[in-house]
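*Asks:* Mind looking at a prediction? Sequence and model below.
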Protein chains: 2
Amino acid sequence: MKRIAIDMDDVLADITTRLIEITNERRNTNYQKEQLKDPVIFHEYYEEYKQIRACLYEKGMFRHLPVFEGAQEVVKKLQEHYEVFIVSAATEFPQSLTEKLEWLEEHFPTIGWQHTVFCGHKHMIKADYLIDDHEKNLVKFEGTPLLFDAPHNYHLEGYQRVYSWKEVEGLLLPQ
Amino acid sequence: MKRIAIDMDDVLADITTRLIEITNERRNTNYQKEQLKDPVIFHEYYEEYKQIRACLYEKGMFRHLPVFEGAQEVVKKLQEHYEVFIVSAATEFPQSLTEKLEWLEEHFPTIGWQHTVFCGHKHMIKADYLIDDHEKNLVKFEGTPLLFDAPHNYHLEGYQRVYSWKEVEGLLLPQ
């Protein structure tokens, strides 16, 4: 059975939407996620975001993030054909760990603690596919990397980009 | 650079000593670690231990465990020659995660969150060596497994057994 490693933030959990909300609240701005496809607006936003990035260490930050459309159904289907691990670079944020476990238990109860991985680097993960939004993780991955589209990776080239879980389904599951 | 994955409980952190203390306190017994080398005594102890195993889910359980003799010095030396990851099957115990991060930061500050992995299964970890006390982790490992001696694995055969960090040093570091 082939193995898929799936990132959490900005792949399963829509943290960007929450970070935009926090930026708008705390920096008195009015960004919308759709606007961030424009590189100029993205860079403006990113400067503001850097001022509030410390919120990633706040209690509750990771517990109530929205789930990406289709993620729950597709991950469940993937588990019928692949061994699925959730691999989250979470050890940078100590308070996030139990919140992420609870979030997974709520939204992806079929994963279980056995297939949950919290780490820093990901290059020691052996899998056939890695679905991730960050080049630093994809570039050292020895299997097939799939770049999950996100505002902060719009400039990345050379990776197969997926825009939605519907697209992941079409790519990795039998039709 | 070759890579070593190192387990935490009963390899870096002497959880067995703490579990014996808790067993003795709560079951009104008087076991000593040395005695558990005797299979008959070990089985008696293990029946008592099963009655208190739920303590693994208690707050504080993993924060103040003693460090195995020599572990700190040898791990630091290993880092000069290998890429060292700490890989702990910790996601079963949600409350353990931040405690384990704090414990590592206190006793192994050179590891860092980047090289800390909390997981369930370990068979997706790619490394050249795995130092672990549990067969379930060693048996599926594709590199060289090293069995760290512990009372609960006395019966295991077919693995290279190491009895101390001094021995790991002799085995993996240039003399």
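*Replies:* Now that the structure is in, tell me what you want to look at. These numbers were taken from a predicted model, which means no experiment stands behind them. Numbering: from 1, shown residues only, chains lettered A, B, ... in the order given.
*Asks:* now the helix or strand harbouring A:Q79: mean pLDDT?
*Replies:* For A:Q79, the host element (DSSP states H and E) is helix A:71-81. For helix A:71-81, the mean pLDDT works out to 98.
*Asks:* got the phi/psi numbers for the residue at the greatest distance from the centre of chain A?
*Replies:* Outermost residue of chain A with respect to the C-alpha centroid, by Cα atoms, centre = their mean, is A:N28; its distance is 26.0 Å. A:N28 has phi and psi values of phi 60, psi 50 when expressed as degrees, to the nearest 10.
*Asks:* need the helices for chain A, in chain order.
*Replies:* A:15-27, A:39-52, A:71-81, A:96-107, A:135-138, A:165-172 (DSSP state H).
*Asks:* tell me how far the second one is from the chain's mean position?
*Replies:* Spelled out, that is helix A:39-52. On the basis of Cα atoms, centre = their mean, to the nearest Å, helix A:39-52 is displaced by 19 Å from the centre of the chain it belongs to.
*Asks:* Flag every buried residue along it.
*Replies:* Buried positions in helix A:39-52, judged by neighbour count with 16 or more other Cβ atoms under 10 Å in any protein chain shown: A:F42, A:Y45, A:E48, A:Y49, A:I52. C-betas here are computed from N, CA, C, even on glycine.
*Asks:* can you list the residues of chain A near chain B?
*Replies:* For chain A, the contact set with chain B under Cβ under 8 Å from any Cβ of the partner chain comprises A:3, A:5, A:85, A:91-92, A:94-95, A:97-98, A:101-102, A:112-121, A:124-127, A:142.
*Asks:* Contacts for stretch A:133-150 next, please.
*Replies:* Residues outside stretch A:133-150 that contact it (Cβ atoms under 8 Å, 6 or more residues apart in numbering or on different chains): A:7, A:9-11, A:16, A:89, A:122-123, A:125-132, A:152-153, A:156, A:159-163, A:168, A:171, B:126.
*Asks:* ok, now stretch A:52-67?
*Replies:* Applying Cβ under 8 Å, 6+ apart, the contact partners of stretch A:52-67 are A:9, A:12-15, A:17-19, A:22-23, A:26-27, A:90, A:93, A:95-96, A:99-100, A:102-103, A:107.
*Asks:* can you do 10 Å?
*Replies:* Outside stretch A:52-67, the residues that touch it by Cβ atoms under 10 Å, 6 or more residues apart in numbering or on different chains are A:8-10, A:12-19, A:22-27, A:46, A:49, A:75, A:88, A:90, A:92-103, A:106-108, A:165.
*Asks:* Narrow these to just the buried residues.
*Replies:* A:8-10, A:12-16, A:18-19, A:22-24, A:49, A:75, A:88, A:90, A:92-101, A:103, A:107-108, A:165.
*Asks:* my read: A:E34 touches A:P151, true?
*Replies:* Yes. Counting by Cβ atoms under 10 Å, A:P151 is a contact partner of A:E34 at 9.4 Å.
*Asks:* domain ranges for chain A?
*Replies:* A:3-14+A:65-172, A:15-57 (automatic domain parsing).
*Asks:* Pull the contacting residues for A:G158.
*Replies:* When contacts are counted by Cβ under 10 Å, 6+ apart, A:G158 touches A:E135, A:L138, A:V139, A:P145, A:L147.
*Asks:* Hmm, A:L173 is touching A:Y82, no?
*Replies:* Yes. The pair A:L173 / A:Y82 is scored as a contact, 9.1 Å apart, by Cβ under 10 Å.
*Asks:* between the two, which one's more packed in?
*Replies:* Ranked by neighbour count (other Cβ atoms under 10 Å in any protein chain shown), A:L173 and A:Y82 place A:Y82 first, with 19 against 13.
*Asks:* give me every residue that touches the closest residue to A:T98 other than its chain neighbours.
*Replies:* Excluding its sequence neighbours, the residue lying closest to A:T98 (Cβ to Cβ, 6 or more residues apart in numbering or on different chains) is B:P94, at 4.7 Å. Listed by Cβ under 10 Å, 6+ apart, the contact set of B:P94 reads A:L97, A:T98, A:E99, A:K100, A:L101, A:E102, A:E105, A:W113, B:Y57.
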